[in-house]
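A.B. asks: no FASTA, just this:
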């Protein structure tokens, strides 16, 4: 254990740029993910934040949890603001107004701000090739405004706008695969990240910062309030999401797939959903059907990895 602690201390920056004292719910894995992102990026960073949980909890007037330049922007357009910051910095450096140096530009939003109402802005920023990072903190619903369903809400999950009643049992559509949509933009780097796997998480953030051009990170973000899970189970749920195939960990660098934390023997999906109140209405048949599809999609992901390796 002592050797591990020494090893970890060399890898993890001690400084925090998302400071303590913010107002996140107990057990919020989204706040943990945001903290890890900025541990890696450091002080030399400018952030544009969409309206959402992370904006609300970190900037209650007149206080702030931020130790870097940070902008709150509209619900849908953080990617546009981030691309404007990147273009502005580039122009200032070209004109000699500020020294030429690496400044990390990051924009982010929740799944609602990314997968739904902000999709065209994210798509445009990625397509234009701005040297910036976009992070989607995916807690699988519009949590900040009352736990409404988004197109990132899993099949059958109960929300306030997809309630689990007798006629219709929760969300009726499959979770939109935003990560693969970003891969289709042919940008340099796309990855899924999960704070339950912090070393993999931070390695990917570091790579996203170092690669020239746009990078997209999709972060698993457990929400005890919206999911109806116990606050202390955030890390366990993150690991179960990977072990059941519900949230695979992988990266696509210049079109080449690489899968991390590969699963050979899948944990029963029931182990994951039984810890969340939003799934308490599911039948065994529904859980089995969902796991069958998750495994099918996971095998397709492994096939993509194999195909890109064979193409080298």
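C.D. replies: It's in. Remember, it's a predicted structure, so these values are computed and weren't measured experimentally.
A.B. asks: what's the pLDDT at the residue nearest the centre of the chain?
C.D. replies: Centroid-nearest residue in the chain, with C-alpha atoms, centre = their mean: residue 219, separated by 1.8 Å. The model reports residue 219 with a pLDDT of 98.
A.B. asks: repeat for residue 21
C.D. replies: In this prediction, residue 21 carries a pLDDT score of 87.
A.B. asks: wouldn't it be in contact with residue 65 here?
C.D. replies: Yes: applying C-beta atoms under 8 Å as the test, residue 21 and residue 65 come out as touching, 6.2 Å apart. C-beta coordinates here come from the backbone N, C-alpha and C atoms, glycine included.
A.B. asks: look up how far residue 303 lies from residue 176.
C.D. replies: The span separating residue 176 from residue 303 equals 21 Å under the rule C-beta to C-beta, to the nearest Å.
A.B. asks: of the two, who's got more company?
C.D. replies: A count of neighbours by other C-beta atoms under 10 Å puts residue 176 above the other of residue 176 and residue 303, at 17 against 11.
A.B. asks: what helices and strands are in contact with the host helix or strand of the residue nearest to the centre of the chain?
C.D. replies: Taking DSSP states H and E as the definition, one finds residue 219 inside strand 215-220. On a contact count with 3 or more C-beta pairs under 8 Å, 6 or more residues apart in numbering; DSSP states H and E, strand 215-220 meets helix 29-41, strand 133-138, helix 178-183, strand 189-193, helix 198-210.
A.B. asks: which residues does the residue nearest to the centre of the chain form a beta bridge with?
C.D. replies: When bridges are taken as DSSP bridges, the partners of residue 219 come out as residue 137, residue 193.
A.B. asks: can you get me a residue count around residue 88?
C.D. replies: Neighbourhood size, residue 88 [other C-beta under 10 Å]: 12.
A.B. asks: what does the one 10 residues further on give?
C.D. replies: Per other C-beta under 10 Å, the neighbour tally for residue 98 reads 12.
A.B. asks: what sits against the residue nearest to the centre of the chain?
C.D. replies: Shown in contact with residue 219 (C-beta atoms under 8 Å, 6 or more residues apart in numbering): 30, 33, 37, 135-138, 192-195.
A.B. asks: follow-up on the earlier one: including mean pLDDT, could the helices and strands packed on strand 215-220 go into CSV?
C.D. replies: Supplementary listing: the helices and strands packed on strand 215-220 in CSV, determined by pLDDT from 0 to 100:
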stretch, mean pLDDT
helix 29-41, 97
strand 133-138, 98
helix 178-183, 98
strand 189-193, 98
helix 198-210, 96
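A.B. asks: which one, of those, ends up nearest to residue 307?
C.D. replies: Taking C-beta to C-beta as the criterion, helix 178-183 is the member of the helices and strands packed on strand 215-220 that comes nearest to residue 307, at 13.2 Å.
A.B. asks: check what pLDDT residue 293 gets.
C.D. replies: At residue 293, the pLDDT value in this model is 98.
A.B. asks: what's the helix or strand harbouring residue 86 in contact with?
C.D. replies: Counting by DSSP H and E, the element that carries residue 86 is helix 78-94. The list of residues contacting helix 78-94 from outside it, by C-beta under 8 Å, 6+ apart, reads 46, 48-50, 71, 73, 98-101, 103, 105-109, 113, 118, 121-122, 124-126, 128, 130-132, 134.
A.B. asks: restricted to buried residues, select those in PyMOL.
C.D. replies: In PyMOL, the members of these classed as buried (16 or more other C-beta atoms under 10 Å) are selected with the following command:
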select buried, resi 46+48+49+50+73+103+105+106+107+108+109+113+118+121+122+125+126+130+131+132+134
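A.B. asks: from the contacts of helix 78-94, which land in strands?
C.D. replies: Using DSSP state E to define strands, the subset of the contacts of helix 78-94 located there is 46, 48-49, 71, 105-109, 134.
A.B. asks: biggest separation within those residues, which pair?
C.D. replies: In terms of C-beta to C-beta, these reach their longest pairwise distance at 46 and 109, which sit 15.8 Å apart.
A.B. asks: so in this structure, where's the weakest helix or strand by average pLDDT?
C.D. replies: Scoring the helices and strands of the chain by mean pLDDT, DSSP states H and E places helix 2-11 at the bottom, with a mean of 54.
A.B. asks: residue boundaries of the helices in the stretch 151-300 of the chain?
C.D. replies: Assigned helices in the stretch 151-300 of the chain, in chain order: 178-183, 198-210, 224-227, 234-243, 269-273, 284-310 (criterion: DSSP state H, counting those that start in this stretch).
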